[in-house]
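[1] predicted model, plus sequence, below.
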Number of protein chains: 2
Amino acid sequence: MRVAFQGEHGAYSEEAIFKHFGDSADPIPCASLRSVLDSVVDGEADFGILPVENTIEGSVDQTLDLLLEYRTNILGEEVVRITHYLIANPGVTMRDVARVYSHPQALGQCRLFLEKNRLEPVNAQDTAGSVRMLRDLKMMDAAAIASYRAAEIYGMKVLADHIESSPENYTRFFIVGMGETTPTGDDKTTIIFTRKGESWSIVEALRCLSDEGIKITRIYTRPFVGNPWSYLFYLDFEGHAKLGKVKEAMKRLESCSTLLKILGSYPKAKNPLRASN
Amino acid sequence: MRVAFQGEHGAYSEEAIFKHFGDSADPIPCASLRSVLDSVVDGEADFGILPVENTIEGSVDQTLDLLLEYRTNILGEEVVRITHYLIANPGVTMRDVARVYSHPQALGQCRLFLEKNRLEPVNAQDTAGSVRMLRDLKMMDAAAIASYRAAEIYGMKVLADHIESSPENYTRFFIVGMGETTPTGDDKTTIIFTRKGESWSIVEALRCLSDEGIKITRIYTRPFVGNPWSYLFYLDFEGHAKLGKVKEAMKRLESCSTLLKILGSYPKAKNPLRASN
């Protein structure tokens, strides 16, 4: 099972792959979220994994923007508890560290720690990749934020652990591929839509779902580029798009939308509230 | 009229100040959005201006998070059309440029231009501040993205203009202060709320407003930190919080919310769809 992810070995996305597919999975590192999707479309990977939202820092907007563009389907979701470590070269102590490299999401999740210790955050492409860079360049005045596994893989030292701003720190991932799923009885569906006309009533649109007894689990908006002050709505809700009541709701929603794209229906993650790993 | 803004002279926030308050306004540069609010609370500034959302890159989440925390009120909104320029030291040509410095929002708004020209984006605190840094450090292999005014102020050269991904590029700002407004007949209100219990129905909450005939103009969500998969809802809607029907809706909404904070009622921006400057 070849599964593409953004980052380098030791990334949190790679943890999500092992949790979802088991230890026999073959994770394929990619430079960007776009190249994760390209490798799925080209058949170089069987699946791709993409971070969607984090319980401290919020949405990963680039993932949502790409899912609108690509013809892949969401086939599953996974939740990983995120524990961050401050990692440096052996010999480096806290007082040597001036700058801290990591992915903006990870830096954001540790903002309170960085502010308290007066450490300058520096945006990088990747969490584990920042650890490798510190090692390769033998940097002795900087640290990186990444997983414990990243410290182990690259033979680096942990300066501080559990540095996230809240212990309730989880990242939700989508598993994407070219196939589709059949209903399991405990599924979710993700869609994007926009409303017709300028004076839309979002309440009316949401009632297409609530009138069918469908439980909405997430609402999120992005700007509808080219149409100032109009928005794309991303919805997660319970149920599978092949079920009668979801089909009915989608038919009603489509009739009052300029765009409706079903990004996929997939089995719910097993422990979305209290992931134990 | 002392108005605090984040950034350095030549920032888009400073343009918004002059558009809103006229040329006699006295803009006060601040290092961070937090220090903008601090200077309003401390009385060092009469007002502060904060970017809220952009029609390409979307929400400025830090502004929303700070408005939840501070006891200031939103007293007005302003919309500025954003035209980005690629700016460098005199003598630098396009082929010399490897890296481009700017605020992450500005880099995001010009992502297509950067990708097409294979230029590496580098996050900085500020648009105009990046131009000043290039000048101060005499960097000849880099450029910055900022306003035309920033190029003029710092005596720098424009390498390319109108480099934003869509010409429909506007940023909306909030004007904040310690006072409050009276209804003008053409106002908007911004609130934050969360729902009671885990299996909330957002549709029911929104009906508190729609049942009163109140038009919602923006819905946005942020994670409710410490409560995984719960969300803070930010709403903009038409009407003033001192009006009967808005008061009634807020009373109903409060009865089914764990948190409800009215961030302010303010006159609508004059040309939110087609700002002409």
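    Nice, thanks for sending it over.
[2] hey, let's count contacts and neighbours off CA atoms from now on
    Noted.
[3] what's in contact with the helix or strand where residue A:131 lies?
    Using DSSP states H and E, residue A:131 falls within helix A:127-136. By Cα atoms under 8 Å, 6 or more residues apart in numbering or on different chains, the residues outside helix A:127-136 that reach it are A:7-11, A:87-89, A:101-103, A:106, A:124, A:140, A:142-147, A:150-151, A:154, A:156.
[4] which of the residues you listed fall within strands?
    Assigned to strands by DSSP state E, the following of these qualify: A:87-88, A:101-102, A:142-146.
[5] pull the most distant pair out of the residues you listed.
    The span of these, defined through Cα to Cα, is set by A:142 and A:146 at 13.4 Å.
[6] which one of these two is surrounded by more residues?
    Using other Cα atoms under 10 Å in any protein chain shown as the criterion, residue A:142 and residue A:146 rank with residue A:146 on top: 30 against 22.
[7] so that one bridges to which residues?
    residue A:85 (DSSP bridges).
[8] so it touches residue A:88, yeah?
    No: using Cα atoms under 8 Å as the test, residue A:146 is too far from residue A:88 to be in contact (10.4 Å).
[9] can you pick the most crowded of the ones in strands among the contacts of helix A:127-136?
    Sorting the ones in strands among the contacts of helix A:127-136 by how many neighbours each has (other Cα under 10 Å) puts residue A:144 first, at 34 neighbours.
[10] residue most distant from the centroid, chain A?
    residue A:91 (33.9 Å; Cα atoms, centre = their mean).
[11] checking my notes, it in a strand, right?
    No: counting by DSSP: H, G, I helix; E, B strand; the rest coil, residue A:91 falls outside a strand, being coil.
[12] can you give me the pLDDT of it?
    In this model, residue A:91 is scored at 96, pLDDT.
[13] spit out the contact partners of it.
    Shown in contact with residue A:91 (Cα under 8 Å, 6+ apart): residue A:140.
[14] for it, give me phi and psi.
    phi 100, psi -20 (degrees, to the nearest 10).
[15] please list all residues in contact with residue A:29.
    A:4-9.
[16] tell me the mean pLDDT over stretch A:64-80?
    Averaging pLDDT along stretch A:64-80 gives 96.
[17] cool, stretch A:190-204 as well?
    Average pLDDT, stretch A:190-204: 79.
[18] same thing with stretch A:233-244?
    The model assigns stretch A:233-244 a mean pLDDT of 95.
[19] and chain B, is that stretch touching that?
    No: Stretch A:233-244 does not reach chain B (Cα under 8 Å from any Cα of the partner chain); its nearest approach is 9.2 Å.
[20] now that stretch: how far from the chain's centre is it?
    19 Å (Cα atoms, centre = their mean, to the nearest Å).
[21] what's next to that stretch, contact-wise?
    Contacts for stretch A:233-244 (Cα under 8 Å, 6+ apart): A:182-183, A:185-194, A:214-222, A:246-247, A:264-266.
[22] can you give me the buried ones in that stretch?
    A:233-241 (16 or more other Cα atoms under 10 Å in any protein chain shown).
[23] check stretch A:21-37 too.
    Neighbour-count burial for stretch A:21-37 [16+ other Cα under 10 Å]: A:26-30, A:33-37.
[24] in strands, which of the buried residues of stretch A:233-244 appear?
    Mapping the buried residues of stretch A:233-244 onto strands (DSSP E) picks out A:233-238.
[25] tell me which of those is nearest to chain B?
    Lowest distance from chain B to those (Cα to the nearest Cα) belongs to residue A:233, with 9.2 Å.
[26] list the contacts for residue A:210?
    A:216, B:203.
[27] check what pLDDT it gets.
    91.
[28] cool, residue A:56 as well?
    Reading off the model, residue A:56 has pLDDT 91.
[29] for it, which residues are in contact?
    Applying Cα under 8 Å, 6+ apart, the residues contacting residue A:56 are A:109, A:165-166, A:168-170, B:223-226.
[30] which ChimeraX command selects the buried ones in these?
    In ChimeraX, a selection of the buried entries from the contacts of residue A:56 looks like this (16+ other Cα under 10 Å):
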select /A:109,165,166,168,169,170 /B:223,224,225
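[31] out of the contacts of residue A:56, which are inside helices?
    Of the positions in the contacts of residue A:56, residue A:109 sit in helices, assigned by DSSP state H.
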